[in-house]
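In: requesting a structural model of the entry that follows:
(one chain, ligands or ions: 2)
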Amino acid sequence: MDILSEKFKYPTLKTEAVLSHVTYRYPNWTNKDNIALNEITHAFSPGLTIVDGDSGSGKSTLLRLFNGLIPHFHGGTIKGKITVCGLNVISTPTREMAKHVGFVFQEPDLGFVRGTVINEVAFFPENLGIEPSALKKSVYDAMELTDIISLAKRRIHTLSGGERPTPSGS
Ligand SMILES: Nc1ncnc2c1ncn2[C@@H]1O[C@H](COP(=O)(O)OP(=O)(O)O)[C@@H](O)[C@H]1O
Ligand SMILES: [Mg+2]
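Out: Ligands and ions are numbered 1, 2, ... in the order given. From the prediction side, this is the model:
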């Protein structure tokens, strides 16, 4: 697996993630040598990073560290330290990580729960308990940042495959 960090930066995103000597095993593996991530150390700067590798090399596993799905949802055994947005992922609950980290699944359709783009984008801040008076601005800010205002009223099932991941990640 290779981790390639790109030079250009998004001016509004300041996120930083640091992995230090991270080793991880899924819970149902009985062979103790069978590790999904082996001693990963990498500092992710703001900007675009591409993670490249064979099927089964650990790309999805690596991404699950960023919002705490690993270890909090998947369990298993983990060693090392992961810091995202200044938060220690191993000791921070996923409900707190969710305020800082977005995650688009490989198949965005699996994450949609509402009918339209605008309602999908609203689902996340609603779940954070944001005040109704601030909700509309938050939703429009997210759609503007990700350049999908023109899709706001569209029903998800009418979007192309390429248009679907953005509302999922907004
Ligand atoms: N939920 C899981 N439980 C047990 N093993 C898993 C699970 N998800 C992935 N694995 C195993 O972890 C390794 C890395 O998988 P994964 O991160 O999904 O690879 P990639 O995304 O690079 O294809 C593989 O050997 C895979 O079989
Ligand atoms: Mg994968």
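In: excluding chain neighbours, what is closest to the residue nearest in space to the middle of the chain?
Out: The centroid of the chain falls nearest to residue 103 when counting by C-alpha atoms, centre = their mean (2.3 Å). Spatial nearest neighbour of residue 103, excluding adjacent residues (C-beta to C-beta, 6 or more residues apart in numbering): residue 67 at 5.0 Å. To be clear about C-beta, it is placed using only N, CA and C from the backbone, and glycine gets the same treatment.
In: next, count neighbours for the one you found.
Out: The number of residues packed near residue 67 is 19, by other C-beta atoms under 10 Å.
In: that one contacts residue 99, doesn't it?
Out: No - using C-beta atoms under 8 Å, residue 67 is not in contact with residue 99; the gap is 10.2 Å.
In: could you list the domains of the protein?
Out: Domain assignment for the chain, taken from automatic domain parsing, gives 2-97, 108-169.
In: hmm, back to that, and the residue nearest to residue 103, what does it touch?
Out: Contacts for residue 67 (C-beta atoms under 8 Å, 6 or more residues apart in numbering) come out as 84, 89, 94, 97, 98, 101, 102, 103.
In: let's see which of these end up in strands.
Out: residue 84 (DSSP state E).
In: restricted to helices, list the contacts of residue 67.
Out: 94, 97 (DSSP state H).
In: which of the contacts of residue 67 are buried?
Out: Those of the contacts of residue 67 that meet the buried threshold are 84, 89, 97, 101, by 16 or more other C-beta atoms under 10 Å.
In: so how far is ligand 1 from residue 69?
Out: According to C-beta to the nearest ligand atom, to the nearest Å, residue 69 stands 10 Å off from ligand 1.
In: oh, that last question was meant for residue 79, not what I typed.
Out: In terms of C-beta to the nearest ligand atom, residue 79 sits 16 Å off from ligand 1.
In: determine which two of the buried ones among the contacts of residue 67 are furthest apart.
Out: For those, the maximum inter-member distance is 8.9 Å, found between 89 and 101 (C-beta to C-beta).
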